[in-house]
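K.L.:
My questions are about this predicted structure, shown below with the sequence.
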Protein chains: 2
Amino acid sequence: MMAGLRELKKEQTRQRICEVALRLFDERGYEAVTVNEIAEAAGVAKVTLFNYFPTKECLVLSGIEEDYARIVTERPPGQSPLDAFRAHYRAMAADDPAEADVGALLVRVRVITASPELMAGVHKSHIGQRYALAAALGGSTGDATDDATGDVTAHLMAAQITASITTLQETFFHRLTSGMPIEEAGRLLAQEVEVAFDLLEYGFSSKRGEDCEKGN
Amino acid sequence: MMAGLRELKKEQTRQRICEVALRLFDERGYEAVTVNEIAEAAGVAKVTLFNYFPTKECLVLSGIEEDYARIVTERPPGQSPLDAFRAHYRAMAADDPAEADVGALLVRVRVITASPELMAGVHKSHIGQRYALAAALGGSTGDATDDATGDVTAHLMAAQITASITTLQETFFHRLTSGMPIEEAGRLLAQEVEVAFDLLEYGFSSKRGEDCEKGN
DNA sequence: TTCAAAAACGAACCCGGTACGCTTTATGCT
DNA sequence: AGCATAAAGCGTACCGGGTTCGTTTTTGAA
């Protein structure tokens, strides 16, 4: 129903704008490309472009948010929140990387990592995630009092978890953009997922011995 | 020497711009005030304003960066990096809050927390801090290889530490802007510093028992 | 007093993003 | 098929943050 040719063309246009933008960004860098150029190259008016993507950032960043809070709210009963995260990212690292279009993803990652402005945008989106995760971790009792009054532990945990995941992602993507084949990067990622969640679970004190060798 | 009347007036002008800007931001909100208004109210031209402060953000955020990396590089010998942070923030929480101009700080904090844009700016500045801290934690061997190749643990630790400190600060400032007297907020902060660094040191597993009561 | 450097200035400009009012085009109904 | 309607696209003018550039004022020192 409503197989509308209207919405078909709409999706085509959206796709075309996105592809053109990503190609130009990849060629010349995010900051050096103006939205006017993108609009012209995609054969649409500037105002139409902003109809599809509310900001220049969204041309790159739209649709790449992860939902941290869901991982903990939808975990199997009896599992700790941290184990839910560990299982989730363990599975993600073990996934066959050929399932998704690696090429398109790589371009996107390359554009993002090459632009401080976009990197800041990514981190900005993590802020909201962190708050949602803190609510999911500590607020299951659902009291309506002002946030950050008593649940400091939940906020601390949420902050540490998101910071760790962010770091894992950055390391992984940094390797990909440096030319490492995705299989090898995936293997390293799988190891580091364990390192990261062990660190969260057992703390720095469990690493003290290893640290002193290189850190001091 | 060079007690120059030149640089005196320069500092006066800088101060005047900053005060005027903060007052306007506090009255009507950061986003609702234009730099033209600030310049006019401070009796200078827009271009002169941008000579003193490179961006609108800097009118509020300049000079409030903390140097995380220094805390670890300048720690007393024999002390672990984490203990250095704990000692630093323990001392900060115990400091007599009357030493600094609390009123001016409070206005600044109120302006920042009321503006998502400024909040994002604060988090942006934390990114660089995190990288510097990771380098200080893991890079004392000083190998010149590309970063993030082998020191994932250092990056993870740096990320967790900065995330925790950021959370402590946010909680503290949130209480101040909510009207809590600074002495009481300081007392709570002192407790939470211990909670945060215990969590970092011993991990989530040490909290498992308490968590299950409220989190599940 | 004079002179060069520093600072302030005004005006025009660029870029991301919005508002408004106008044309085009697909769609649903008859 | 034909027509009204609503969605989508468009052009232009505008706004605010930020830069460039050439000019004028101010200041420190000879």
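P.N.:
Looks like it arrived, so ask away.
K.L.:
Whether stretch A:36-52 contacts DNA strand C - can you check?
P.N.:
Yes - applying CB under 7 Å from any atom of the strand, one finds stretch A:36-52 in contact with DNA strand C at A:36, A:46-47, A:50. Any C-beta I mention is one placed from the backbone N, CA and C, and that applies to glycine too.
K.L.:
so, if you compare the residues you listed, which one comes nearest to chain B?
P.N.:
Set against chain B, the nearest of those by CB to the nearest CB is A:Phe50 (19.0 Å).
K.L.:
give me the element A:Leu133 is part of.
P.N.:
helix A:116-138 (DSSP states H and E).
K.L.:
nope, A:Val44 is what I meant
P.N.:
Counting by DSSP H and E, A:Val44 is found in no helix or strand.
K.L.:
next one: A:Ala41
P.N.:
Secondary structure (DSSP H and E) places A:Ala41 in helix A:35-42.
K.L.:
Now do the buried residues in the very next helix or strand once past that helix.
P.N.:
Downstream of helix A:35-42, the next assigned helix or strand under DSSP H and E is helix A:46-52. By neighbour count on 16 or more other CB atoms under 10 Å in any protein chain shown, the buried set for helix A:46-52 is A:49, A:52.
K.L.:
right, is helix A:46-52 up against DNA strand D?
P.N.:
Yes - for helix A:46-52, a contact with DNA strand D is found by CB under 7 Å from any atom of the strand, at A:46-48, A:51-52.
K.L.:
So which elements touch that helix?
P.N.:
Secondary-structure packing of helix A:46-52 (3 or more CB pairs under 8 Å, 6 or more residues apart in numbering or on different chains; DSSP states H and E): helix A:5-28, helix A:35-42.
K.L.:
average model confidence for the longest helix along chain A?
P.N.:
For chain A, the helix that runs over the most residues, judged by DSSP state H, is helix A:152-177. Here helix A:152-177 scores 97 as its mean pLDDT.
K.L.:
Buried residues in that helix, which are they?
P.N.:
Of the residues in helix A:152-177, those buried (16+ other CB under 10 Å) are A:152-177.
K.L.:
Can you name the residues of chain A that neighbour DNA strand C?
P.N.:
Checking chain A against DNA strand C by CB under 7 Å from any atom of the strand, the hits are A:2, A:4-7, A:9, A:33-36, A:46-47, A:50, A:54-57.
K.L.:
check whether the helix holding A:Leu133 contacts chain B.
P.N.:
Yes - using CB under 8 Å from any CB of the partner chain, helix A:116-138 reaches chain B at A:119-120, A:123-124, A:127, A:137-138.
K.L.:
Identify each buried residue in that helix, please.
P.N.:
Applying 16+ other CB under 10 Å to helix A:116-138 flags A:118, A:120-124, A:126-127, A:129-138 as buried.
K.L.:
and that helix with helix B:152-177, angle?
P.N.:
70 degrees (axes from the mean of the first three to the mean of the last three CA atoms, to 10 degrees).
K.L.:
Now tell me what touches helix A:116-138 from outside.
P.N.:
Helix A:116-138 has contacts (CB atoms under 8 Å, 6 or more residues apart in numbering or on different chains) with A:30-31, A:57, A:60-61, A:65-69, A:72-73, A:81, A:111-113, A:147, A:151, A:153-155, A:157-159, A:161-162, A:166, B:119-120, B:123-124, B:127, B:214-215.
K.L.:
List every C-alpha atom in that helix, with coordinates, as PDB.
P.N.:
The C-alpha coordinates for helix A:116-138 follow below in PDB (Å, rounded to 0.1, in the frame of the first residue of the first chain):
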ATOM      1  CA  PRO A 116      37.800  17.200  14.700                       C
ATOM      2  CA  GLU A 117      34.400  18.800  14.300                       C
ATOM      3  CA  LEU A 118      32.800  15.500  13.500                       C
ATOM      4  CA  MET A 119      34.600  13.800  16.300                       C
ATOM      5  CA  ALA A 120      33.200  16.300  18.700                       C
ATOM      6  CA  GLY A 121      29.800  15.600  17.200                       C
ATOM      7  CA  VAL A 122      30.200  11.900  17.900                       C
ATOM      8  CA  HIS A 123      31.200  12.600  21.500                       C
ATOM      9  CA  LYS A 124      28.300  15.000  21.900                       C
ATOM     10  CA  SER A 125      25.900  12.200  21.000                       C
ATOM     11  CA  HIS A 126      27.500  10.000  23.600                       C
ATOM     12  CA  ILE A 127      26.500  12.500  26.300                       C
ATOM     13  CA  GLY A 128      22.900  11.700  25.900                       C
ATOM     14  CA  GLN A 129      23.600   8.000  25.800                       C
ATOM     15  CA  ARG A 130      25.400   8.300  29.100                       C
ATOM     16  CA  TYR A 131      22.500   9.900  30.800                       C
ATOM     17  CA  ALA A 132      20.100   7.300  29.500                       C
ATOM     18  CA  LEU A 133      22.300   4.500  30.600                       C
ATOM     19  CA  ALA A 134      22.700   6.000  34.100                       C
ATOM     20  CA  ALA A 135      18.900   6.100  34.300                       C
ATOM     21  CA  ALA A 136      18.700   2.500  33.200                       C
ATOM     22  CA  LEU A 137      21.300   1.400  35.600                       C
ATOM     23  CA  GLY A 138      20.100   3.200  38.700                       C
END
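K.L.:
Tell me the buried residues in stretch A:52-67?
P.N.:
A:52-53, A:56-57, A:59-61.
K.L.:
hmm, back to that, okay if I get the residues of stretch A:36-52 next to DNA strand C as a markdown table plus distance to B:Val102?
P.N.:
Formatted as a markdown table, the residues of stretch A:36-52 next to DNA strand C follow (distance: CB to CB, whole Å):
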| residue | distance to B:Val102 |
| --- | --- |
| A:Asn36 | 48 |
| A:Lys46 | 48 |
| A:Val47 | 48 |
| A:Phe50 | 44 |
